[in-house]
Every structure is written in C-alpha cells, then in structure tokens.
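> Mind folding the following:
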Amino acid sequence: QVQLVETGGGLVQAGGSLRLSCAASGRTLSGFVMGWFRQAPGKEREFVAQINRFGGGTSYADSVKGRFTISRDNAKNTVYLQMNSLKPEDTAVYYCNTNPPQIAAIPWGKGTLVTVSS
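You can find the predicted model right below:
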C-alpha cells in the first residue's frame with residue numbers, strides 16, 4: 001500500500017516562510033509528475049504546483065507564482081514545497097499526490113496544516 005506523508009506545516013506570520021515535505025513509502029514516485037494541492041476551510045481542494053518526473057519542469061497556480069517553489073529528490077522519494085512571502089489566504093491543509101491525482105493507486109495522505117496569521 002502506497003502511503004504519502006506530508007509534514008512541515010505550522011503557524012506562521014504573514015510574510016514568513018515554510019518548507020513542506022511529502023515522503024512516499026511503498027512505491028517509488030520517480031515515474032510520476034507530482035503535485036501539491038491545498039484545501040482551505042469550506043473550499044474545494046485546488047492545485048498549487050507540479051513538477052515533472054526529473055525536476056526540470058514546473059508549473060504553479062497564479063496565486064502562488066513567484067512565492068512558492070516545488071522540488072523533488074527522487075533518491076529520497078520526497079517532494080518539497082518551499083513557501084515564501086506567505087499570505088493569510090494561503091491558510092489551508094496541503095497535500096501531495098501525482099498530477100493528475102491517481103487516488104485509487106495512491107490515496108491522499110492526511111495533509112499538513114498551514115496557518116498564516118495577519
């Protein structure tokens with residue numbers, strides 16, 4: 001069974017930074033495009049960023065472009081999200097998965113909560 005574990009969330013003031021990690025067990029992620037997603041209270045889960053299999057190509061939601069950076073270390077089977085210049089509207093539970101998500105094969109993890117105070 002594949003398991004995704006997201007860590008690194010927390011409470012931070014606006015303008016601060018956090019680095020999220022997503023570690024996988026049970027299956028290598030190196031063959032997949034990986035993404036970060038987030039779900040704010042009362043809202044649908046939304047796309048944040050993605051990275052191609054070898055890390056050379058990335059794309060971002062307009063709302064985070066220029067502030068967030070996605071990266072991956074295939075040797076560690078881990079994907080990262082560096083978040084800078086955080087805003088209160090970035091408050092959400094952050095998840096990783098393949099992009100598009102393949103829930104049947106790779107279930108969502110529990111996510112990691114990011115709270116940005118104004």
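
> Geometric centre of this protein: which residue is closest?
residue 36 (3.0 Å; Cα atoms, centre = their mean).

> so how far is residue 86 from that residue?
14 Å (Cβ to Cβ, to the nearest Å). Any C-beta I mention is one placed from the backbone N, CA and C, and that applies to glycine too.

> about what we covered before: secondary structure class for the residue nearest to the centre of the chain?
strand (DSSP: H, G, I helix; E, B strand; the rest coil).

> residue boundaries of the strands in this protein?
3-7, 10-13, 18-25, 34-39, 46-51, 58-60, 68-73, 78-83, 92-98, 112-117 (DSSP state E).

> can you give me how far the second one is from the chain middle?
This means strand 10-13. Strand 10-13 sits 16 Å away from the centroid of its parent chain (Cα atoms, centre = their mean, to the nearest Å).

> quick one: average confidence on that strand?
Averaging pLDDT along strand 10-13 yields 98.

> likewise the fifth one?
The average pLDDT within strand 46-51 is 98.

> quick one on the thing from earlier: export the strands of the chain to a markdown table and append columns for distance to residue 106.
Below are the strands of the chain laid out as a markdown table (distance: least, Cβ to Cβ, whole Å):
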| stretch | distance to residue 106 |
| --- | --- |
| strand 3-7 | 7 |
| strand 10-13 | 25 |
| strand 18-25 | 8 |
| strand 34-39 | 10 |
| strand 46-51 | 14 |
| strand 58-60 | 20 |
| strand 68-73 | 15 |
| strand 78-83 | 12 |
| strand 92-98 | 6 |
| strand 112-117 | 17 |
